[in-house]
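>>> let's see this in three dimensions:
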Amino acid sequence: VENIVNAVRNEVKQLGIVDNRENCWKYFIEKVRSLLKVVLCFSPVGATLRVRSRKFPALVNCTTIDWFHEWPQQALESVSLRFLSEISVLPKELAIPVSNFMAFVHKTVNDISKLYLANAKRYNYTTPKSFLELIALYSKLLHEKVKANLDRRLRLENGLIKLASCTKEVDALQDVLKVQEVELKIKNQEADNLIVVVGTENEKVSKERAFASKEEKNVRQIEEDVTAKAKLCEEDFLKAQPALIAAQEALNTLNKNNLTELKSFGSPPDAVVSVCGAVLVLFSSKGKIPKDRSWKACRVLMGNVDKFLDNLINYDKKHIHPDVIKALQPYILDTEFSPEKILAKSSAAAGLCSWVININRFYDVYLIVEPKERALLESEKELKDARDKLTALNQRLTELEEQLNALQMEYDEALAKKQKCQDEADKTAFTIDIANRLIGGLANEKIRWMESVKRYYNQIT
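Residues are numbered from 1 along each chain as shown. Presented below is the predicted three-dimensional model:
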């Protein structure tokens with residue numbers, strides 16, 4: 001709005017009017033109103049013009065009415081020829097006759113409308129727009145009809161092509177069927193040969209499976225025996241556990257400090273010397289009991305305190321020589337050989353005393369356990385041999401089953417190929433039958449379709 005006001009401001013000044021915003025805008029509106037020209041086009045066809053004239057009288061009172069008169073015969077022919085020449089599907093030689101006919105029809109309608117007005121006192125308007133709509137309708141119908149004829153001709157031509165290709169395909173399928181029948185015969189022979197091999201291998205696997213099952217039952221029986229013996233050994237061994245635990249607890253009271261303190265005694269009490277002598281007896285090699293069990297000999301045994309403590313912890317309590325146990329008994333039977341009594345003289349000596357007593361107790365129980373443990377080891381060896389034998393049998397059985405599975409897969413594959421070949425042959429035979437029936441049923445239609453194609457071609461051209 002501001003741009004408009006600024007544009008007319010000089011003109012307003014020239015007219016001697018104050019060039020404020022309101023006067024400038026009013027001047028602009030009046031100028032537009034004086035220069036604005038509105039052209040309205042109405043068709044007399046129907047009641048629209050009459051209704052609008054009654055609602056808006058200014059359309060008649062405040063306008064200049066120009067009536068367009070009907071086109072002459074030459075104009076009708078020229079216009080129709082102009083539009084008809086643009087229709088690609090209409091032959092050029094037919095454009096002039098059709099345009100003349102359209103002009104004749106339009107002129108005839110005008111003449112009949114005048115007669116209708118004279119007789120019925122009613123108007124029937126035919127405007128140039130009606131003539132243009134006639135041309136457009138003719139063009140639309142012509143395109144639709146030509147397209148419909150083309151579609152029909154194409155369908156018939158495609159049908160003829162399909163019939164011809166169907167005949168060729170039937171001949172080709174006959175050759176394919178012969179090849180498939182030969183291949184099917186070969187597949188049948190291969191499947192028959194494989195079924196014999198599979199049967200033989202299946203019988204072999206069944207025998208091996210039966211033998212392996214028998215061996216498996218034997219292994220189960222041995223396992224039951226071993227389990228029973230292991231249970232007895234475990235029960236007897238549990239009786240020795242308190243002695244082992246007590247010996248371990250006694251060792252837990254020993255450490256480098258108290259053992260070093262024990263070793264440092266110059267002339268310890270007799271009870272301490274007795275304990276160390278018992279330890280010296282337990283460490284006798286191969287049952288050779290040392291005659292010298294003096295404190296000096298005991299200190300030599302404890303020469304390296306760390307090594308001595310490690311030897312106590314890892315003492316081989318299951319393989320003590322009987323002479324060692326025999327030599328140990330005088331110490332065990334001594335009433336003064338008691339951890340409680342020795343504790344007051346040396347805590348380390350008390351721990352060694354408890355360890356010696358519990359090692360002796362363990363040995364007494366292990367004398368009962370050892371034969372059973374040996375029998376258990378023999379049974380476990382027998383079980384291992386039986387399991388190894390069963391494993392070998394199972395491996396052999398697995399190999400045979402894998403071979404059988406491979407043969408079975410090969411047989412199944414051969415059957416699948418045979419079935420596939422059979423299905424293909426059946427499908428080919430069925431297709432040939434259907435095609436022959438189709439060709440035979442459409443033999444008469446083929447002639448009619450060829451004639452129809454010629455007729456449609458002549459109609460289009």
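
>>> contact partners for residue 403?
By C-beta atoms under 8 Å, 6 or more residues apart in numbering, the contact set of residue 403 is residue 201. Quick note: C-beta positions are derived from backbone N, CA and C, even for glycine.

>>> mind checking how far it is from residue 214?
Distance, residue 403 to residue 214, using C-beta to C-beta, to the nearest Å: 22 Å.

>>> okay, and residue 320 sits in which element?
For residue 320, there is no enclosing helix or strand under DSSP states H and E.

>>> check the burial of residue 279 by counting its neighbours.
Residues lying near residue 279 (other C-beta atoms under 10 Å) number 25.

>>> ignore the last one, residue 276
Other residues near residue 276 number 28, with proximity taken as other C-beta under 10 Å.

>>> that one reaches residue 296, doesn't it?
No. The criterion here is C-beta atoms under 8 Å, and residue 276 misses it with residue 296 at 10.5 Å.

>>> which residues are contacting stretch 277-297?
The contact list for stretch 277-297, computed with C-beta under 8 Å, 6+ apart, reads 265, 267-268, 273, 276, 298, 301, 311, 315, 320-324, 327-328, 331-332, 337, 352-353, 355-356, 359.

>>> hmm, try it at 6 Å
Residues outside stretch 277-297 that contact it (C-beta atoms under 6 Å, 6 or more residues apart in numbering): 273, 298, 301, 321, 323-324, 327-328, 331, 352, 356.

>>> how far off centre is it?
Counting by C-alpha atoms, centre = their mean, to the nearest Å, stretch 277-297 is centred 77 Å from the centre of its parent chain.

>>> what is the end-to-end distance of it?
8 Å (C-alpha to C-alpha, to the nearest Å).

>>> buried residues in it, which are they?
277-282, 284, 293, 295 (16 or more other C-beta atoms under 10 Å).

>>> cool, and stretch 75-94?
Buried residues in stretch 75-94, defined by neighbour count with 16+ other C-beta under 10 Å: 76-77, 79-81, 83-84, 87, 90.

>>> now do the contacts for residue 127.
Each residue near residue 127 by C-beta under 6 Å, 6+ apart is listed here: residue 43.

>>> please redo it, this time with the cut-off set to 8 Å
By C-beta under 8 Å, 6+ apart, the contact set of residue 127 is 43-45.

>>> now the phi/psi pair for it, please.
Dihedral pair for residue 127: phi -100, psi 170, per degrees, to the nearest 10.

>>> what's around residue 339, how many residues?
The local packing of residue 339 (other C-beta under 10 Å) involves 21 other residues.

>>> test my guess that it contacts residue 346.
No. Applying C-beta under 8 Å as the test, residue 339 and residue 346 come out as separate, 10.6 Å apart.

>>> what's the closest of the contacts of stretch 277-297 to residue 452?
Compare each of these with residue 452 using C-beta to C-beta and the shortest gap goes to residue 321, at 122.5 Å.

>>> which phi and psi values does that closest one adopt?
Torsion angles, degrees, to the nearest 10, at residue 321: phi -70, psi 140.

>>> let me know the distance separating it from residue 185.
Going from residue 321 to residue 185 by C-beta to C-beta gives 86 Å.

>>> low-confidence ranges, the stretch 301-450 of the chain, go.
Low-confidence segments of the stretch 301-450 of the chain (pLDDT under 70): 368-373, 375-376, 378-380, 382-383, 386-387, 390, 400, 437-450.

>>> tell me who's in contact with residue 171.
So residue 171 contacts nothing (C-beta under 8 Å, 6+ apart).

>>> and it, what element?
Per DSSP H and E: residue 171 is located in helix 128-252.

>>> what of residue 362?
Assigning secondary structure by DSSP H and E places residue 362 in helix 347-441.

>>> compute the inter-axis angle for that helix and helix 128-252.
Going by axes from the mean of the first three to the mean of the last three C-alpha atoms, to 10 degrees, helix 347-441 is angled at 150 degrees with respect to helix 128-252.

>>> hey, C-alpha coordinates of stretch 285-293 in PDB?
Coordinates of each C-alpha in stretch 285-293 appear next as PDB, following Å, rounded to 0.1, in the frame of the first residue of the first chain:
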ATOM      1  CA  SER A 285      64.100 -94.400  54.500                       C
ATOM      2  CA  LYS A 286      62.900 -97.800  53.300                       C
ATOM      3  CA  GLY A 287      62.200 -99.100  56.800                       C
ATOM      4  CA  LYS A 288      65.800 -98.700  58.000                       C
ATOM      5  CA  ILE A 289      65.300 -97.500  61.600                       C
ATOM      6  CA  PRO A 290      68.200 -95.300  62.800                       C
ATOM      7  CA  LYS A 291      69.800 -96.400  66.000                       C
ATOM      8  CA  ASP A 292      70.900 -92.900  66.900                       C
ATOM      9  CA  ARG A 293      67.700 -91.000  68.000                       C
END
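
>>> how far off centre is stretch 262-275?
That offset, for stretch 262-275, works out to 81 Å (C-alpha atoms, centre = their mean).

>>> and the end-to-end length of that stretch?
End-to-end distance for stretch 262-275: 11 Å, by C-alpha to C-alpha.

>>> ok, residue 113 touching residue 120?
No. With contact defined as C-beta under 8 Å, residue 113 does not reach residue 120; the gap is 10.3 Å.

>>> compare the two (neighbour count), which wins?
Higher neighbour count among residue 113 and residue 120: residue 113, with 15 against 9, using other C-beta under 10 Å.

>>> do you know the pLDDT at the more buried one?
In this model, residue 113 is scored at 88, pLDDT.

>>> for it, what are its contacts?
For residue 113, the contacting residues are 123-126, by C-beta under 8 Å, 6+ apart.

>>> ok, the residues you listed vs residue 109, which is closest?
Among the contacts of residue 113, and counting by C-beta to C-beta, the member closest to residue 109 is residue 126, at 5.2 Å.

>>> could you look up the SS state of the closest one?
coil (DSSP: H, G, I helix; E, B strand; the rest coil).

>>> next: residue 45.
Classification of residue 45 by three-state DSSP places it in coil.

>>> which non-adjacent residue is nearest it?
residue 125 (4.5 Å; C-beta to C-beta, 6 or more residues apart in numbering).

>>> burial count for that neighbour?
14.

>>> go on, residue 348?
The burial count for residue 348: 24, using other C-beta under 10 Å.

>>> quick check: it touching residue 256?
No. Using C-beta under 8 Å, residue 348 makes no contact with residue 256, being 10.2 Å away.

>>> quick one on the thing from earlier: between the contacts of stretch 277-297, which is nearest residue 455?
Once C-beta to C-beta is applied, the member of the contacts of stretch 277-297 that ends up nearest residue 455 is residue 321, at 127.4 Å.

>>> for the closest one, what are its contacts?
284, 286-287.

>>> from residue 298, how far out is it?
For residue 321, the distance to residue 298 equals 20 Å [C-beta to C-beta].

>>> for residue 200, same thing?
Distance, residue 200 to residue 298, using C-beta to C-beta: 80 Å.

>>> tell me the SS of residue 64?
coil.

>>> same question, residue 310
Residue 310 is classified as helix under three-state DSSP.

>>> so what's the residue count around it?
11.

>>> one more: residue 354?
23.

>>> with residue 2 instead?
Using other C-beta under 10 Å, residue 2 has 8 other residues around it.
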